[in-house]
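Engineer: Predicted structure and sequence below. I'll ask about it afterward.
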Amino acid sequence: MSANSIKLLASDIDRGLAELVAKRLGLQLTPVEFKRDSNKEVLFSIGESIRDEDIYIIMQIGAGPVNDKVFELLIMINACKAASARRITAVLPNFPYARQDRKDKSRAPITAKLMADMLTTAGCDHVITMDLHASQIQGFFDSPVDNLYAEPSVVRYIKEKIDVKNAIIISPDAGGAKRAAGLADKLDLNFALIHKERARANEVSRMVLVGDVTDKICIIVDDMADTCGTLAKAAEVLLDNGANSVIAIVTHGILSGKAIQNINNSRLERVVCTNTVPFESKLSQCPKLDSLDISGVLAEAIRRLHNGESISFLFTNAPY
């Protein structure tokens, strides 16, 4: 790779994933300076020339003040555009506002579309993300969007860390049935489904299991874990129906609100999250949490995109 034709940028907060990606590519993060006024306005500058360079801005959004990070991202993109960058790619492992992808009630916004418009207006030419909550969000952009998958990394983790012969894949809701079925096919396992009825947002009133989990290691797979109330209740249902143990594997561990308390008080044996969202500070608070590194997938996607290669290889393979 030509080190003088690609620049990696990251915020001054939550740089862990960006540093891992840079290390895998053999590059250094481009120096940037952030200053925040007393009224929280952001002053941003880039510490070296990026004229006619390919820029990749790696931003972990999902934990902490989401709106602040979104606006910092827009400022960084616009600064790169004003500095005559050749191409600007936003690497957003967890796409913000992805759950607001449609009008589910009257007078509600489609905020995922607004995010797409703001990124484009700021000067973003390309987006790399992972496990979009709703894949139709790719259609909200006029520019290319590469939606990567955590599934190959999850498959490897399950084969290395779990007794696959005695396992079964569980979808925590009907919407995740396709994801669970695909993973079960790759592992040659059966899968079961939990039907849930919500009383209100982030609160599940009733769960019904469809399938047999007797004497099985249940692996719940989902794209996102927020307050983890659903995972905790799902573990109860599965164990009450004869399961041996329950492990949850999610792509985006947002872990907001009482998530850590819910996990610690639950009957879940383990909750595995990729590092698309920074949650390192919570690992010490919850012995049941485990991290799955996906920096290799992002680094290889950046390398392939920069060199004009296909990234479809990453849909079925996880780089070491």
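Structural biologist: On my side now, so go ahead.

Engineer: Leaving aside the residues adjacent along the chain, what's closest to residue 300?
Structural biologist: residue 319 (4.7 Å; Cβ to Cβ, 6 or more residues apart in numbering). From N, CA and C alone the C-beta is placed, and that goes for glycine too.

Engineer: Surely the one you found touches residue 302?
Structural biologist: No: look at residue 319 against residue 302 with Cβ atoms under 8 Å: they stay out of range, at 11.5 Å.

Engineer: Break down the stretch 151-300 of the chain into its helices, ranges please.
Structural biologist: 151-161, 177-187, 229-240, 259-265, 280-283, 295-306 (DSSP state H, counting those that start in this stretch).

Engineer: count of neighbours near residue 243?
Structural biologist: 22 (other Cβ atoms under 10 Å).

Engineer: Now the phi/psi pair for it, please.
Structural biologist: Backbone geometry at residue 243, expressed as degrees, to the nearest 10, gives phi -70, psi 150.

Engineer: can you pull the contacts of it?
Structural biologist: Residues in contact with residue 243, defined by Cβ atoms under 8 Å, 6 or more residues apart in numbering, are 213, 214, 215, 216, 217, 218.

Engineer: Mind picking the two most distant members of the residues you listed?
Structural biologist: Within these, 214 and 217 form the most distant pair, 11.6 Å apart (Cβ to Cβ).

Engineer: Between those two, tell me which one has more neighbours.
Structural biologist: The neighbour comparison of residue 214 against residue 217 (other Cβ under 10 Å) goes to residue 217, with 19 against 9.

Engineer: Please list all residues in contact with that one.
Structural biologist: With Cβ under 8 Å, 6+ apart, residue 217 has these contacts: 162, 163, 166, 167, 168, 243, 244, 245, 246, 247.

Engineer: Could you report the distance from it to residue 72?
Structural biologist: From residue 217 across to residue 72, the span is 41 Å (Cβ to Cβ, to the nearest Å).

Engineer: related to what we said a few turns ago, of the contacts of residue 243, closest to residue 12?
Structural biologist: For those, the nearest to residue 12 is residue 218 (40.7 Å; Cβ to Cβ).

Engineer: Name whatever forms a beta bridge with that closest one.
Structural biologist: residue 168, residue 246 (DSSP bridges).

Engineer: Now restrict the contacts of residue 217 to buried residues only.
Structural biologist: Using 16 or more other Cβ atoms under 10 Å as the burial test, these include 162, 167, 168, 243, 244, 245, 246, 247 as buried.

Engineer: The residues you listed: which two are farthest apart?
Structural biologist: Farthest pair in the buried ones among the contacts of residue 217, by Cβ to Cβ: 162 and 243, 13.4 Å.

Engineer: In CSV, list the C-alpha atoms belonging to stretch 257-273.
Structural biologist: Taking Å, rounded to 0.1, in the frame of the first residue of the first chain, the C-alpha atoms of stretch 257-273 are listed here in CSV:
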residue,chain,number,x,y,z
GLY,A,257,-29.2,2.6,30.4
LYS,A,258,-29.4,-0.4,32.8
ALA,A,259,-27.8,-2.8,30.3
ILE,A,260,-24.9,-3.8,32.5
GLN,A,261,-27.2,-4.3,35.5
ASN,A,262,-29.6,-6.3,33.3
ILE,A,263,-26.8,-8.6,32.1
ASN,A,264,-25.3,-9.1,35.6
ASN,A,265,-28.7,-10.0,37.0
SER,A,266,-29.7,-12.2,34.1
ARG,A,267,-29.2,-15.9,33.6
LEU,A,268,-27.1,-15.3,30.5
GLU,A,269,-23.7,-17.1,30.6
ARG,A,270,-22.0,-14.7,28.3
VAL,A,271,-22.7,-11.6,26.1
VAL,A,272,-20.3,-11.2,23.2
CYS,A,273,-20.2,-7.8,21.3
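
Engineer: Now find how far off-centre it is within its chain.
Structural biologist: Counting by Cα atoms, centre = their mean, to the nearest Å, stretch 257-273 is centred 18 Å from the centre of its parent chain.

Engineer: if we can go back for a sec, adding distance to residue 36 and pLDDT, write the contacts of residue 243 out as TSV.
Structural biologist: Listed next are the contacts of residue 243 as TSV, based on distance: Cβ to Cβ, whole Å; pLDDT from 0 to 100:
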residue	distance to residue 36	pLDDT
213	50	95
214	55	95
215	55	96
216	51	96
217	47	97
218	45	97
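
Engineer: Could you list the low-confidence segments of the protein?
Structural biologist: 1-4, 197-205 (pLDDT under 70).

Engineer: Domain ranges for it, per the record?
Structural biologist: 6-149+295-315, 151-292 (automatic domain parsing).

Engineer: so how far does the shortest one reach from one end to the other?
Structural biologist: Chord length of domain 151-292, first to last residue, is 11 Å (Cα to Cα, to the nearest Å).

Engineer: Is it correct that residue 113 is in contact with residue 141?
Structural biologist: No: the pair residue 113 / residue 141 is not scored as a contact, 9.4 Å apart, by Cβ under 8 Å.

Engineer: sec struct for residue 50, please.
Structural biologist: The three-state label given to residue 50 by DSSP: H, G, I helix; E, B strand; the rest coil is coil.
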